[in-house]
Each structure stands twice: as C-alpha cells, then as structure tokens.
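**Student:** Sequence and predicted structure, then a few things I'm wondering about:
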Amino acid sequence: MNSGAAANLTDPGKTKSVVIVGGGTAGWMTAAYLKAAFGDRVDVTVVESAQIGAIGVGEATFSDIRHFFEFLRLEESDWMPACNATYKLGVRFEDWREPGHHFYHPFEQLGSVDGFSLSDWWLRMPQSSRFDRDCFVMAALCDAERSPRYADGTPLAQGVFENVGDGQSARSNIAEYQGAQFPYAYHFEAHLLAKFLTKYGTDRGVKHITDNVVDVALDHQGFVSHVNTAENGTLSGDLYIDCTGFRALLLKQALGEPFVSFQDTLPNNSAVALQVPMDMERKAIRPCTTATAQDAGWIWTIPLISRIGTGYVYADEYLSAEEAEKTLREFVGPEAADVQANHIKMRIGRSERSWVNNVVGIGLASGFVEPLESTGIFFIHHAIEQIVRYFPGGRDDDVRRDAYNRSIEHVMEGVREFLCLHYVGAKRADNRYWKDTKTRKIPDALAERIEIWKHKVPDSESVYPYYHGLPPYSYNCILLGAGGIEVKHSPALDLADPTAAQVEFDRIRQKADKLVQELPSQNEFFAAMRANAK
Ligand SMILES: Cc1cc2nc3c(=O)[nH]c(=O)nc-3n(C[C@H](O)[C@H](O)[C@H](O)COP(=O)(O)OP(=O)(O)OC[C@H]3O[C@@H](n4cnc5c(N)ncnc54)[C@H](O)[C@@H]3O)c2cc1C
Ligand SMILES: N[C@@H](Cc1c[nH]c2cc(Cl)ccc12)C(=O)O
C-alpha cells in the first residue's frame, strides 16, 4: 500500500501506483494489461467486494479482442478452455426485417470492383435476395454452422494471422492494426475471464484485496486522496480506476461527474438473462451470436461450451419484467425450466468525461450501450489501450486527459449511431415498439448520413468520422440486411461493364461452397480439441 503517493507522479523513475476498485471483467482486464505493459514499474492493487456481484451473462466480442490476448502473450489454448469459449464469425439478426428472415454482420471485409463497393454492385445486379450471402463467404459458413479452424487447428485464413502467437514479435493494438479484417471473434463467460485474469495478474504481482470500499476521500483539489475499505484500512495511489460497474462509485458518486444518457435514442434499458445448460454433443454450436427481434426488443443467444447464454433486452416503457421473463422462457424451451433468471437494469449512455482528476472509469462505470453488437468488452479493451497510451505523468496532465476523454467519447458516440441504424433501418414496424423506432429521435448527424446512404452506400467518407471500432462495411451489412431504408445503386454502374463484378460474385459463391465442404462444424472442432487434450 502506498500512502501519499500522489507526489511521485511528477517524479520520473519512481514506481507508479494504481488502485483499481472493482474486480469484474473491467477490473481484471485492466490489472492484467497494466502488468503486461509496465511490469514491476507499476504497482497495481485490485479491491473487489465479495458481496456485490459482477455482471456475467455469456458475452460475445469483437475480433479485435485478439490484440488483448496477444498483448498478454496468451494463446487461445491458454485461455479458451478456462472461459468456456467458442468462436464467433458474426452476428445473425433474425426477424428484424420480417418474420423468418435473417442476415449476418460477419467478420469479413466487403470487396470492391473497379472502384465501387461490392454492395453497390449488388444493388445494381443482385444475385439473390440475400445481400450477405452474395457478398460474404462468412454468411454461408454461419448458415452451415462451420468452425473458422480446420479439425487439425489450422485457421481459416492464414494470411491474416500475422504476428499472432510467436510470443516474441512486436505486439499490435486495435488502433494501430491496419491489416485485413480478422475472420472471427469469441463467445465466452466474462466472469470466467475475470477469474482467469485474477491468476494472471496476481502471478505477476497484482495485489488482490477482497473487501468493500465504503468511502472515497477527496483532497482540497478534488483529487481522490484515498479510499477506505471496511476491513483493510485505507488504500491510496497515484491513479484510481473505477471499475465498480453501473454504480460508478468514484466517478459518479464521489466526483459527481454527470452522465450523458442515450435513453432518448436507444430506449432498451433492461435485460433478463438465463444461463442454460446444454448438451453440446447433441445441439449445434452456432458460430455466431444470434439477435432475434421481439415485441419490445430482442433476444440474444450465445453458444458456449456446454451451455447457452441467452437473454431478452427490452425497453421497460413497453414491457414488464415478468412478461420479458415469460417470453424468454418460452423462447428457450424446457431446458431453462430449472434455471434462475437474472434481471438487470442497464444504465445506457456515457459519463460526460471518463477521466476526471486522478480517476478513470473503465467498463460499465464509464458507459454502456445495449449489447446488440457486443461492444461492452470492446469499450473496456479500447479504454485500457488508451489509458496506457495517455498514462498520466502528473496532476497537471490536462492535455492527455482531454485527448483520452475525446477518444472515449468518439467510440461511444460512434457506436450509438451504429446501433440507432439497426432500429431506424429495420423494416419491421408491426407494433407500437417497432413503429416508434421509425419516428424516435436519432442523432442529427446520423439522420444526415442516412440521406446520403440512400444514394451512395456507406463508405469511409460518409460514416461517423472518428475511430469507433466499426468499419464502413459494417454499416452496409445493417443497412442492406435490415431492409427498412431503400438504397439505390450509383448511376455510374448502369454505364459500367459488369463482367468483373460478376466474376467476383461467382468467386465468393464458389469459395463459400468449398469452405462449407472442407471445414468441420464447431461441434466437430471442439470434440477434436477435447480428444487431443486427453
Ligand atoms: C445484459 C448484458 C449483456 C451483455 N452482453 C455483452 C456482450 O455480449 N459482449 C460484451 O462485450 N459485453 C457485454 N456486456 C457487458 C459486459 O458484461 C461488461 O462490460 C463486463 O462484464 C464488465 O463489467 P464491469 O467489470 O464494468 O462491471 P461489473 O461486472 O458490474 O463489476 C463491478 C465490480 O465492482 C465491484 N464493486 C462494486 N462496488 C464496490 C465497492 N463498493 N467496493 C468494492 N468493490 C465494488 C463488484 O464486486 C464487481 O467486482 C453485457 C452487459 C449486460 C448488462
Ligand atoms: N473492429 C471490429 C469491427 C467489426 C467488423 N466486423 C464486425 C462484426 C461484428 Cl459482429 C462486430 C464487430 C465487427 C472487429 O474487427 O471486431
């Protein structure tokens, strides 16, 4: 424990001390990463309550999470079995356009032909009614429930696996990575990842205290001077990271930082979750997250090893908790009969600033949007990378603080626009909830962008202009998949020679057919892994 350590921020060469309050996924991802980044030159303490539980529902991620594991020098075989992890090739949206329809948001770059996006060509010459099947190989792999690795462990697209796993090469991070779209992400149990990283962190010197923080003390400048725990006295450090979840004990409760609610544009503020045991020998492990539209929101289905994580995300303005749980149980079927439901109130939006004085909020304490595009852990990962990049040198570090806060704001606001597009762009308008999605306020800039996209599919010139994790092709997937906004092809394509585009569509179909034949199902893949491990 360091007392009075605030002074050594201005004293280069001395160990810096960081106190992390909260030991959920955010707390332990941060602790582990700081140790991987700074080793013994940073003193890290994690204090977590034994009484206040962490959120863990069975999570899906961005593919970018691989940079996190790579930074920690961890291979899939080190952490995946410990977290019940499976592969994710994209999100499958069911019933967003109309009952029985589905489309994917896959981890695959959209091609271009003669300077025009393949989506533009597709509008001019659709090969079928399925934009995703015609333009992405991954859509067929998801439909056929394939694994992104062959049974011997060889990955699907060798070319994009550069820098992974030799343990020595330079480590990349999200913002720096300019390579091809990585072909898959993961599903895993976030609380098991937190447990795994507890060992990783404590093995590398992180101090772990199980106790409740009962009071946060501020000095005359409004900086945190120390926190008081119930049984372990006071803890103090140079920097405090608030990972206390929706409570935001330091950032909001102690420092009073205002919260910017997104509720006006994204009304879903509640969830009910179930962890359903499943015999995966008999049930297909779909290699994608499924988001099935419902009367007042949507249900997620996340296949894990030997269980399914599922839940109904809804707006309490339209549906009661009891009705949501009833609908979810009917959706899942008898397997869920003995499973207890977990009802969660979600605080949707962002802290006005995530870094205030010597407190940085990471995870739910900083901000959250409904999990429709699996952004929660991405927000954490991005924040951790940024705090390492902008690590404070002293109290008067306003420039660094402002830069950090801007980058967090951009990520959150960009994702807000992307999520709003799902609702305003969904063709479905069959009840009050879905009708309201067409008239509800959306960010002004998004409304302007949609007017452009009606005439020119989204590209890097027309999507949210700051880094927010989502490439322009993601917007094409939602716009053309959800089907509620009419989009026209570029008039130039009526004059252009379509031969090369036709060759590209044919190539995608042939490649998809070949891979569906060659790749094992996820069930076969994980069965082979288990057999090899014995
Ligand atoms: C319904 C739902 C679905 C989600 N789905 C996804 C998904 O698919 N993909 C994704 O990336 N993310 C998803 N998330 C988000 C993801 O689960 C969280 O981002 C992640 O678990 C991180 O949570 P956290 O660590 O910030 O907070 P929490 O898990 O709430 O942890 C808070 C920690 O603070 C501690 N604490 C609180 N008060 C005190 C105190 N006074 N003293 C000491 N300790 C204290 C608690 O003990 C706990 O350890 C979802 C979230 C929700 C709500
Ligand atoms: N940088 C993100 C962006 C991304 C690209 N495709 C998808 C698909 C889904 Cl479901 C989420 C996220 C993404 C990444 O590569 O993960």
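**Tutor:** Arrived safely. Ligands and ions are numbered 1, 2, ... in the order given.

**Student:** Looking only at the helix ranked longest in the chain, what residues are buried by neighbour count?
**Tutor:** Looking across the chain with DSSP state H, the single longest helix is helix 398-424. Using 16 or more other Cβ atoms under 10 Å as the test for burial, helix 398-424 gives 400-401, 404-405, 407-424. Placement of C-beta: from N, CA and C, glycine included.

**Student:** Tell me where this protein is predicted with low confidence.
**Tutor:** Applying pLDDT under 70 to the chain flags residues 1-15, 157-179, 534.

**Student:** Contact distance from ligand 1 - what residues of it qualify?
**Tutor:** For the chain, the contact set with ligand 1 under Cβ under 6 Å from any ligand atom comprises 21-27, 47-49, 52, 54-55, 57, 59-61, 190, 212-213, 243-245, 247, 249, 271, 273, 311, 344, 346, 363-365, 371, 374, 376-377, 380.

**Student:** Inside helices: which ones of the residues you listed?
**Tutor:** T25, A26, G27, A190, G376, I377, I380.

**Student:** Which residues are in contact with the closest residue to the third one other than its chain neighbours?
**Tutor:** Spelled out, that is G27. Leaving out its chain neighbours, the residue that sits closest to G27 by Cβ to Cβ, 6 or more residues apart in numbering is C243, at 3.7 Å. C243 makes contact with I20, V21, G22, G23, G24, A26, G27, T30, G361, I362, G363, A365 under the criterion Cβ atoms under 8 Å, 6 or more residues apart in numbering.

**Student:** go again using 10 Å as the cut-off
**Tutor:** Counting by Cβ atoms under 10 Å, 6 or more residues apart in numbering, C243 makes contact with 20-31, 46-48, 54, 249-250, 360-366, 380.

**Student:** Among the residues you listed, the buried ones, what's the ChimeraX command?
**Tutor:** Selecting the buried subset of the contacts of C243 in ChimeraX, with 16+ other Cβ under 10 Å as the burial test, is done by:
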select :20,21,22,23,24,25,26,27,28,29,30,31,46,47,48,54,249,250,360,361,362,363,364,365,366,380
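
**Student:** What about the contacts of C243, which are in strands?
**Tutor:** Among the contacts of C243, the ones falling in strands (DSSP state E) are I20, V21, V46, V47, E48, V360, G361.

**Student:** Grab the two from the residues you listed that are most spread out in space.
**Tutor:** Longest distance between any two of the ones in strands among the contacts of C243 is 17.0 Å, between E48 and V360; criterion Cβ to Cβ.

**Student:** hang on, the earlier thing: out of the ones in strands among the contacts of C243, flag the one nearest to ligand 1.
**Tutor:** E48 (4.2 Å; Cβ to the nearest ligand atom).

**Student:** Excluding chain neighbours, give the residue nearest to that closest one in space.
**Tutor:** G23 (2.8 Å).

**Student:** That neighbour and G56 touch, don't they?
**Tutor:** No: if you go by Cβ atoms under 10 Å, G23 and G56 don't touch, sitting 11.9 Å apart.

**Student:** Touching both of these two, which residues are there?
**Tutor:** A194, K195.

**Student:** for the closest residue to ligand 1 within the stretch 101-250 of the chain, what are its contacts?
**Tutor:** Nearest residue of the stretch 101-250 of the chain to ligand 1, counting by Cβ to the nearest ligand atom: G245, 2.5 Å away. If a contact means Cβ under 10 Å, 6+ apart, then G245 has 22, 24-27, 52-55, 347, 363-365, 368 as its contacts.

**Student:** and with 7 Å instead?
**Tutor:** With contacts defined as Cβ atoms under 7 Å, 6 or more residues apart in numbering, the neighbours of G245 are G22, G24, I55, G363, L364, A365.

**Student:** same thing with T375?
**Tutor:** The contact partners of T375, taken as Cβ under 7 Å, 6+ apart, are V369, V415.

**Student:** Then P443?
**Tutor:** By Cβ under 7 Å, 6+ apart, the residues touching P443 are T265, R416, E417, C420.

**Student:** how about the residue nearest to E48, phi and psi?
**Tutor:** Note on G23: its backbone torsions stand at phi -120, psi 40 [degrees, to the nearest 10].

**Student:** Could you do Y186 as well?
**Tutor:** Note on Y186: backbone dihedrals following degrees, to the nearest 10 are phi -140, psi 160.

**Student:** I'd assumed A85 was in contact with it.
**Tutor:** Yes: if you go by Cβ atoms under 7 Å, Y186 and A85 touch, sitting 5.0 Å apart.

**Student:** So the two - more neighbours on which side?
**Tutor:** A count of neighbours by other Cβ atoms under 10 Å puts Y186 above the other of Y186 and A85, at 24 against 21.

**Student:** The stretch 351-500 of the chain against ligand 2: which residues are in contact?
**Tutor:** Residues of the stretch 351-500 of the chain lying near ligand 2 (Cβ under 6 Å from any ligand atom): E373, S374, G469, L470, P471, S474.

**Student:** between these, which is nearest G483?
**Tutor:** Nearest to G483 among these, counting by Cβ to Cβ, is S474 at 16.1 Å.

**Student:** three-state assignment of that closest one?
**Tutor:** Here S474 is recorded as helix under DSSP: H, G, I helix; E, B strand; the rest coil.

**Student:** still on that earlier bit, state the pair within the ones in helices among the residues of the chain next to ligand 1 that is farthest apart.
**Tutor:** Top of the distance list for these (Cβ to Cβ): G27 and G376, 13.8 Å.

**Student:** sorry, back to before: which is the next helix or strand following the longest helix of the chain?
**Tutor:** Following helix 398-424 in sequence order, the next helix or strand is helix 432-439 (DSSP states H and E).

**Student:** following that following helix, which helix or strand comes up?
**Tutor:** In the C-terminal direction, the helix or strand that comes right after helix 432-439 (DSSP H and E) is helix 444-453.

**Student:** other SSEs contacting that next one?
**Tutor:** Judged by 3 or more Cβ pairs under 7 Å, 6 or more residues apart in numbering; DSSP states H and E, helix 444-453 is in contact with helix 398-424.

**Student:** re earlier: greatest separation within the contacts of P443: which pair is it?
**Tutor:** Top of the distance list for the contacts of P443 (Cβ to Cβ): T265 and E417, 8.9 Å.

**Student:** Quick check, central residue of this protein?
**Tutor:** In the chain, the C-alpha nearest the mean C-alpha coordinate belongs to T375, at 2.5 Å (Cα atoms, centre = their mean).

**Student:** Going along the chain, name the strands of the stretch 251-400 of the chain.
**Tutor:** Ranges of strands in the stretch 251-400 of the chain, per DSSP state E, counting those that start in this stretch, are 259-261, 270-277, 289-294, 297-304, 307-314, 342-345, 349-351, 355-356, 359-361, 367-368.

**Student:** Any chance you could list what contacts the last one?
**Tutor:** Residues outside strand 367-368 that contact it (Cβ under 7 Å, 6+ apart) are M346, R347, I348, G349, R350, S351, G376, F379, M412.

**Student:** what about the nearest residue to A248 once chain neighbours are set aside, distance to Y186?
**Tutor:** Nearest non-adjacent residue to A248, counting by Cβ to Cβ, 6+ apart: A365, 4.2 Å away. To Y186, A365 is 23 Å away according to Cβ to Cβ, to the nearest Å.

**Student:** So which bits of this structure are right by ligand 2?
**Tutor:** By Cβ under 6 Å from any ligand atom, the residues of the chain that approach ligand 2 are 62-64, 90-91, 105, 107, 181-182, 185, 373-374, 469-471, 474.

**Student:** let's go with 5 Å and repeat that
**Tutor:** By Cβ under 5 Å from any ligand atom, the residues of the chain that approach ligand 2 are F62, S63, D64, G90, V91, H105, F107, G469.
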